[in-house]
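**Q** the sequence isn't on hand, but the structure is:
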């Protein structure tokens, strides 16, 4: 009887492990999301559209899609709230939405048509920033900032703020007539987070500043230190390689990607495996016995590369 009970328990545990998420998630396939704004035929003055809808029980997220008049997918975003703000150029659009959770999703709403028109009033509009991208990491101080042109604008104002132990405005320029600005590299005097801001101005109104951060990091990552296996270790065909990267001493702590290389010769002319990982461990299975060599290099999100680690050998039997 004990054996039967244990077997029954094992089956129940297996079932729960395979279907736990489905059991916990509410089936929303027959539910419908109700759109609040914009409604069919809505005309929006300006370039900022706030999409809103009614939440439904059981939905963790909502997928919003916006399509241009040329049937080009402009937006495909997953939101956890029931509102979404996006900047659109003048033109005709359709939008639709569905609810989602881990296991289920509703059908999309029927596409709703709306249009965006230009307006002289800039107070409720936004400058749409282009490059550098959001939270951009770089080791190059030659920065060109760009943004989308906004209709009915006389000029743009630009500010650059260094955020390192407090915020400090390090550069300003007004009366900009184009939609780009090249910043002198000397302005970026040290590695730090830099917040760049743009607003549009005309004779009667102006937008709020739109802003993004970029991170200047010119600190080279530490040379990785190999941990295991030890040099000349004899091992089986499946090997777990481990190493450490040390502590980043720079102002900006960019994320590290490690590159492992395994070769059949000490000069790494014949690399049999190369892989990138954000971890400090990699497992690899050799298909042939013999002596192999391995090393690690660290590359940070800003593009700085460390020296290769020392080289260790392993003997696969």
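**A** The structure has been received and is ready for your questions. Not measured: the values here are computed from a predicted model. Numbering: from 1, shown residues only.
**Q** what are the structural domain limits within this structure?
**A** Domain assignment for the chain by automatic domain parsing gives 35-117, 129-216, 225-316.
**Q** adding mean pLDDT, write those domains out as a markdown table.
**A** Shown next, in a markdown table, are these (pLDDT from 0 to 100):
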| stretch | mean pLDDT |
| --- | --- |
| domain 35-117 | 96 |
| domain 129-216 | 97 |
| domain 225-316 | 96 |
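**Q** could you dump those to CSV with mean neighbour count?
**A** In short, each C-beta sits where N, CA and C put it, glycine included. Converted to CSV, the domains of the chain look like this (neighbours: other C-beta atoms under 10 Å):
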stretch, mean neighbour count
domain 35-117, 15
domain 129-216, 16
domain 225-316, 15
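**Q** mind putting those into TSV with distance to residue 24?
**A** What follows is the domains of the chain, written out as TSV (distance: least, C-beta to C-beta, whole Å):
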stretch	distance to residue 24
domain 35-117	8
domain 129-216	33
domain 225-316	29
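**Q** which one of the ones you listed lies closest to residue 26?
**A** domain 35-117 (3.2 Å; C-beta to C-beta).
**Q** between the two ends of the closest one, how far is it?
**A** 21 Å (C-alpha to C-alpha, to the nearest Å).
**Q** how far off centre is that domain?
**A** 21 Å (C-alpha atoms, centre = their mean, to the nearest Å).
**Q** ok, stretch 225-233 next?
**A** Using C-alpha atoms, centre = their mean, the offset of stretch 225-233 from its chain centre is 34 Å.
**Q** how far does that stretch stretch from start to finish?
**A** End-to-end distance (C-alpha to C-alpha), stretch 225-233: 17 Å.
**Q** could you do stretch 221-237 as well?
**A** Termini of stretch 221-237 sit 31 Å apart (C-alpha to C-alpha).
**Q** same deal with stretch 132-140?
**A** Span of stretch 132-140 from end to end, C-alpha to C-alpha: 12 Å.
**Q** for residue 123, which of the domains of the chain is the nearest?
**A** That would be domain 129-216 among these, by C-beta to C-beta, at 4.8 Å.
**Q** straight-line length of the closest one, end to end?
**A** 19 Å.
**Q** likewise for stretch 79-90?
**A** 24 Å.
**Q** then stretch 129-139?
**A** Start-to-end, stretch 129-139 (C-alpha to C-alpha) is 21 Å.
**Q** in the stretch 201-317 of the chain, which spans are strands?
**A** 210-216, 225-228, 233-235, 238-244, 256-263, 271-277, 281-285, 290-300, 312-316 (DSSP state E, counting those that start in this stretch).
**Q** and the first one, which strands flank it?
**A** Strand 210-216 sits in its sheet next to strand 136-138 (parallel), strand 192-201 (antiparallel), going by DSSP bridges.
**Q** and of the strands of the stretch 201-317 of the chain, who's closest to residue 146?
**A** strand 210-216 (11.2 Å).
**Q** report the distance from the closest one to the chain centre.
**A** The answer for strand 210-216 is 14 Å, by C-alpha atoms, centre = their mean.
**Q** and the contacts of that strand?
**A** With contact meaning C-beta atoms under 8 Å, 6 or more residues apart in numbering, strand 210-216 is reached by 126-129, 132-139, 141, 143, 147, 163, 188, 190-199, 252, 254, 301-302.
**Q** quick one on the thing from earlier: dump the strands paired with strand 210-216 into a markdown table; add distance to residue 228 as well.
**A** Below are those laid out as a markdown table (distance: least, C-beta to C-beta, whole Å):
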| stretch | distance to residue 228 |
| --- | --- |
| strand 136-138 | 31 |
| strand 192-201 | 36 |
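**Q** I'd like the strands of the stretch 201-317 of the chain as a markdown table, with distance to residue 113 appended.
**A** Below are these laid out as a markdown table (distance: least, C-beta to C-beta, whole Å):
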| stretch | distance to residue 113 |
| --- | --- |
| strand 210-216 | 28 |
| strand 225-228 | 61 |
| strand 233-235 | 65 |
| strand 238-244 | 57 |
| strand 256-263 | 45 |
| strand 271-277 | 45 |
| strand 281-285 | 52 |
| strand 290-300 | 47 |
| strand 312-316 | 64 |
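**Q** out of those, which comes closest to residue 169?
**A** Across the strands of the stretch 201-317 of the chain (criterion: C-beta to C-beta), the nearest stretch is strand 210-216, sitting at 12.4 Å.
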